[in-house]
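[1] Fold the following.
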Amino acid sequence: MLIKITALCIALGISLIQGNTLDGIILDSKNSEPIPSANIQIKDTALGTSSDEKGRFSIDINTRDSFELIISVIGYRDTTLLVSNQKFEGVTTFYLHQMAVELDELNVHSHHHDKISKSPSSVSIFGNQFQKSTKNSLASTLAGESGLAVRSFGQATERPILRGYSGDRFLIARDGTELNDLSATSADHAVSTEISSMDGVEIIRGPESLLYGSNTIAGVINLSPLLSYDDLVDSPLYKLILGHESSNKSNIAYFGTIIPRGNYQFSSAVSTREAGDQLSPVGAIENTALSKSDIFTSFAKYNENGYSILSLENFEMSYGIPSSPEGHISGVDLKMKKLSQKFKYHADISLGIFNTLDIEQGYVDYEHREFENNKSYHAVLLSHNINYLKADISSDILKFGSLYQRKKFIAGGFYWTPNTYEDKFAIYASKKGIILGYNTNYSGRVEHRSIRPRSGETFFSNLDANEVRNRQFTLVSGGVSFLKEWGNLSNYYQILYTSRAPSIEDLFSDGPHLGNYAYEIGDPNLSQENTLGFENTLSIFNSKSSLNFTSYLNYSPNYHISTKMGDGYLPGAEWVEWGSGPIGWLYKYNLVGLEAMIYGFEPSFSTNFGSSRISCNGSILRGINMDDDRPLSYMPPDQVRVQYENNFFFLTNTFEAIFVSSQNRIGEFEVKTAGYNLFNYFGSYTISKNNRIHKIIFQLKNVFNQTYYNHLSKIKMIMPEAGRSLNINYRVYF
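    Below is the predicted model:
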């Protein structure tokens with residue numbers, strides 16, 4: 001069935017690569033930057049739409065006369081344009097003027113995000129599109145995008161899976177800086193961010209992902225916060241968000257403000273989320289409630305050539321893992337907190353071909369505790385302190401940078417991974433050019449890691465203490481991409497080679513991980529993981545439609561995977577005594593390296609016609625354990641998503657259908673998962689007037705209340721996914 005749906009989307013895309021509606025793009029008159037989330041309306045009609053993250057829009061004209069086009073968005077003057085009726089060709093550009101406030105002849109620098117090149121398979125969700133699809137977590141917000149799946153251990157621990165890759169084979173960053181939590185190391189660790197505090201997210205793929213790290217074979221997820229400090233605003237700005245979700249009886253609240261004073265600017269934000277146990281079609285899942293709080297503040301100084309900013313953030317979260325007959329019959333409680341500080345300096349310079357300089361210093365104090373349910377003392381403690389310093393110098397075609405980072409890892413309770421120091425030094429560069437008519441991008445990164453465990457202070461039960469020693473890794477990564485257009489056709493090709501060092505826990509773990517229902521054993525002799533990847537995208541497009549065919553293949557001769565050493569409480573099975581289960585045991589898991597290949601196909605199609613839009617995307621992925629000639633474990637099933645969006649006046653409606661196949665291609669110790677179909681509705685109503693935006697967002701998820709199980713859920717045998725849920729969100733910006 002999925003193959004038929006995918007073929008239908010492709011056929012529809014080919015037939016609709018045509019049209020002559022009014023296609024426009026809205027730009028800032030000062031710097032020609034695109035303006036997302038602008039409201040566009042034909043006066044005295046119910047026809048309207050909004051601009052996407054690139055400032056683009058499309059709208060049908062159903063009158064033979066001239067008409068007035070009204071464009072409004074916060075921060076810009078409301079604009080009314082008289083447009084003569086004609087057959088429009090190409091894309092019409094509309095410029096908006098910023099609202100100005102006199103500041104005593106103050107002239108300040110206005111900096112905008114670096115426009116790095118990305119592969120066509122990259123994903124960008126901003127403005128109204130992001131706000132309308134925002135759910136309870138980063139992973140669920142991205143669910144349905146090509147190559148995206150969700151790993152979970154309950155609602156609090158949802159984390160994205162990119163093209164079958166989990167862990168630290170991709171990075172999650174906020175405003176270009178890695179989150180530096182432990183969500184990549186274990187399925188029970190939560191991502192340290194609140195999605196309602198964000199205004200957009202992008203998945204960056206291609207050679208340019210190496211600017212963020214060496215382990216980016218699957219890409220980089222970069223979050224953009226609601227409060228942006230790149231520009232000095234003209235007058236105080238306030239943002240308020242209130243929301244409720246029925247599937248877990250959660251309530252969210254966010255308040256942020258930006259206050260300018262001359263060439264200084266103060267920003268602050270507070271957000272909270274309180275959620276009860278997750279509700280499913282078969283009832284409530286006990287011990288899945290969560291509580292979050294996030295406090296952010298920053299102080300910035302601007303001048304003609306740049307700015308300096310100091311920011312502080314305190315993030316805290318407590319949540320539960322439900323009970324399991326395999327581990328803890330009463331469940332596990334977890335608490336996480338992260339205190340982070342960042343100082344950033346940006347300047348326009350004139351040094352040869354380079355014209356910008358960025359220096360960033362940061363500190364992170366992170367702590368994760370695990371408790372047996374209703375116990376006051378923790379059984380597992382994981383924490384780290386990170387200090388880093390990085391510097392980038394760039395021009396329009398070349399970027400060069402370096403990073404130094406020191407981490408101190410500390411374990412406590414019954415988790416016997418040794419306290420460890422890790423130093424990381426990296427240099428990286430990216431260059432744009434043209435070769436034989438192809439737009440090219442080259443990126444490279446060299447990174448050295450020194451890992452030094454303090455093994456003399458630690459007791460080991462399953463590791464040989466003589467093997468727990470200092471490890472050194474030199475990682476070399478590089479990539480190149482080629483892009484060429486011929487009229488309405490383009491072809492993109494990339495080659496990417498990445499290197500990944502094993503983490504401290506990969507090497508030296510020896511102890512129970514309560515939240516993961518496992519006794520985890522590392523391998524002190526693990527070598528680095530290298531992956532060679534290829535990607536190709538063929539695109540057919542015009543001013544209102546696009547059709548993309550993306551395929552990729554990644555090969556790893558030493559793919560690290562955690563495997564269970566036994567199956568069931570049987571004589572000879574690999575388990576350890578632990579006092580919380582009905583018979584007091586946990587499976588043993590150890591980390592091994594094997595030869596693996598992951599490849600896939602991702603078609604996508606979208607078209608705008610009048611005030612409506614249709615889009616389809618699919619994801620077909622295969623992972624092969626080449627050592628044992630069997631499927632890789634924990635690979636997501638095939639998926640197709642179809643969306644129909646209609647803009648009526650200020651009301652935007654999106655009807656979504658997601659078709660997921662059964663997963664019968666399973667690895668060792670996995671079980672099969674049945675397929676399912678989900679139907680969702682998202683809507684938003686927006687009013688922008690007198691420099692204020694009021695927006696009501698409503699979501700109806702799992703309309704038919706289907707009972708279904710996520711193949712990548714670590715507890716799918718005891719916990720189905722959420723049932724029918726109504727979410728309401730109110731936003732006001734003024």
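[2] Now do the same for the strand ranked longest in the chain: mean pLDDT, whole number.
    For the chain, the longest strand by residue count, based on DSSP state E, is strand 585-609. Taken as a whole, strand 585-609 carries a mean pLDDT of 87.
[3] what about that strand, distance to the chain center?
    Computed by CA atoms, centre = their mean, to the nearest Å, the chain-centroid distance of strand 585-609 equals 16 Å.
[4] That one - which strands sit beside it in the sheet, and in what orientation?
    Looking at strand 585-609 with DSSP bridges, its partner strands are strand 518-521 (parallel), strand 545-564 (antiparallel), strand 575-577 (antiparallel), strand 612-625 (antiparallel).
[5] ranking these by burial, who's on top?
    Highest mean neighbour count of the strands paired with strand 585-609: strand 518-521, a mean of 24 (counted as mean count of other CB atoms under 10 Å). (Each C-beta comes from the backbone N, C-alpha and C, glycine too.)
[6] List the contacts of stretch 448-468.
    Stretch 448-468 is contacted from outside by 416-426, 469-475, 501, 504, 507-508, 510-511, 521-522, 524-525, 588, using CB atoms under 8 Å, 6 or more residues apart in numbering.
[7] Tell me which entries of those residues lie within strands.
    Per DSSP E, the subset of those in strands is 420-426, 471-475, 510-511, 521, 588.
[8] Buried among the residues you listed? Make that a PyMOL selection.
    Buried members of the ones in strands among the contacts of stretch 448-468, defined by 16 or more other CB atoms under 10 Å, are picked up in PyMOL with:
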select buried, resi 420+422+424+426+471+473+475+510+511+521+588
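[9] if we can go back for a sec, now for the strands paired with strand 585-609, which one comes closest to residue 436?
    Of all these, it is strand 545-564 that lies closest to residue 436, at 22.9 Å by CB to CB.
[10] how far is that closest one from where the chain is centred?
    17 Å.
[11] again, but for stretch 637-649
    Between the centre of stretch 637-649 and the centre of its chain there are 20 Å (CA atoms, centre = their mean).
[12] quick one: buried residues of that stretch?
    637, 638, 639, 640, 641, 642, 643, 645, 646, 647, 649.
[13] Output those residues as JSON lines; include the columns secondary structure.
    As requested, the buried residues of stretch 637-649 are exported to JSON lines (DSSP: H, G, I helix; E, B strand; the rest coil):
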{"residue": "637", "secondary structure": "coil"}
{"residue": "638", "secondary structure": "coil"}
{"residue": "639", "secondary structure": "strand"}
{"residue": "640", "secondary structure": "strand"}
{"residue": "641", "secondary structure": "strand"}
{"residue": "642", "secondary structure": "strand"}
{"residue": "643", "secondary structure": "strand"}
{"residue": "645", "secondary structure": "strand"}
{"residue": "646", "secondary structure": "strand"}
{"residue": "647", "secondary structure": "strand"}
{"residue": "649", "secondary structure": "coil"}
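[14] in this protein, which residue is closest to the centre?
    Nearest to the geometric centre of the chain sits residue 221, at 3.8 Å (CA atoms, centre = their mean).
[15] which other helices and strands contact the helix or strand that contains that residue?
    Assigned by DSSP states H and E, residue 221 belongs to strand 220-225. Judged by 3 or more CB pairs under 8 Å, 6 or more residues apart in numbering; DSSP states H and E, strand 220-225 is in contact with helix 138-142, strand 171-174, strand 198-204.
[16] Ignoring the adjacent residues along the chain, who's closest to the residue nearest to the centre of the chain?
    Leaving aside its sequence neighbours, residue 221 sits nearest to residue 172 (CB to CB, 6 or more residues apart in numbering; 4.8 Å).
[17] In terms of pLDDT, where does the one you found sit?
    Looking at residue 172, its pLDDT stands at 95.
[18] What is the burial count for it?
    Residue 172 is flanked by 23 other residues according to other CB atoms under 10 Å.
[19] Ok, residue 627 next?
    Residues near residue 627, counting by other CB under 10 Å, number 12.
[20] give me every residue that touches residue 28.
    When contacts are counted by CB under 8 Å, 6+ apart, residue 28 touches 34, 35, 76, 95, 96, 98.
[21] For the fourth one, give the beta-bridge partners.
    When bridges are assigned using DSSP bridges, the partners listed for residue 95 are residue 27.
[22] wouldn't it be in contact with residue 29 here?
    Yes. Using CB atoms under 8 Å, residue 95 is in contact with residue 29, at 4.0 Å.
[23] I'd say residue 557 and residue 595 touch.
    Yes. Using CB under 8 Å, residue 557 is in contact with residue 595, at 5.4 Å.
[24] Checking residue 214 next. Helix, strand or coil?
    Following three-state DSSP, the label given to residue 214 is coil.
[25] Then residue 208?
    Under three-state DSSP, residue 208 falls in the helix class.
[26] Outline the domain layout of the protein.
    Domain assignment for the chain, taken from automatic domain parsing, gives 2-96, 123-733.
[27] Give me the number of neighbouring residues for the residue nearest to residue 549 when sequence neighbours are not counted.
    Distance criterion CB to CB, 6+ apart; nearest residue to residue 549, sequence neighbours excluded, is residue 538 at 4.7 Å. Around residue 538 there are 16 other residues, counting by other CB under 10 Å.
[28] residue contacts, the residue lying closest to residue 665 once chain neighbours are set aside?
    Closest residue in space to residue 665, ignoring its immediate chain neighbours: residue 631 at 4.2 Å, by CB to CB, 6+ apart. By CB under 8 Å, 6+ apart, the contact list for residue 631 reads 622, 623, 624, 625, 665, 666, 667.
[29] export those residues to TSV and tack on pLDDT?
    Shown next, in TSV, are the contacts of residue 631 (pLDDT from 0 to 100):
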residue	pLDDT
622	97
623	96
624	96
625	95
665	94
666	91
667	86
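[30] would you turn those residues into JSON lines with distance to residue 288?
    Converted to JSON lines, the contacts of residue 631 look like this (distance: CB to CB, whole Å):
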{"residue": "622", "distance to residue 288": "32"}
{"residue": "623", "distance to residue 288": "29"}
{"residue": "624", "distance to residue 288": "34"}
{"residue": "625", "distance to residue 288": "32"}
{"residue": "665", "distance to residue 288": "29"}
{"residue": "666", "distance to residue 288": "25"}
{"residue": "667", "distance to residue 288": "27"}
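[31] what kind of secondary structure is residue 537 in?
    strand.
[32] now residue 430
    Under three-state DSSP, residue 430 comes out as strand.
[33] From the structure, what's the count of residues near the closest residue to it other than its chain neighbours?
    Leaving aside its sequence neighbours, residue 430 sits nearest to residue 443 (CB to CB, 6+ apart; 4.2 Å). Residue 443 has 25 neighbours, counted by other CB under 10 Å.
[34] pretty sure residue 443 is in contact with residue 478, am I right?
    Yes. Applying CB under 8 Å, one finds residue 443 in contact with residue 478, separated by 6.8 Å.
[35] Identify the contacts common to those two.
    By CB under 8 Å, 6+ apart, residue 443 and residue 478 have these common neighbours: 207, 210.
[36] thinking again about what came up before, what's the angle between the strand holding residue 221 and strand 198-204?
    Angle of strand 220-225 versus strand 198-204, following axes from the mean of the first three to the mean of the last three CA atoms, to 10 degrees, is 160 degrees.
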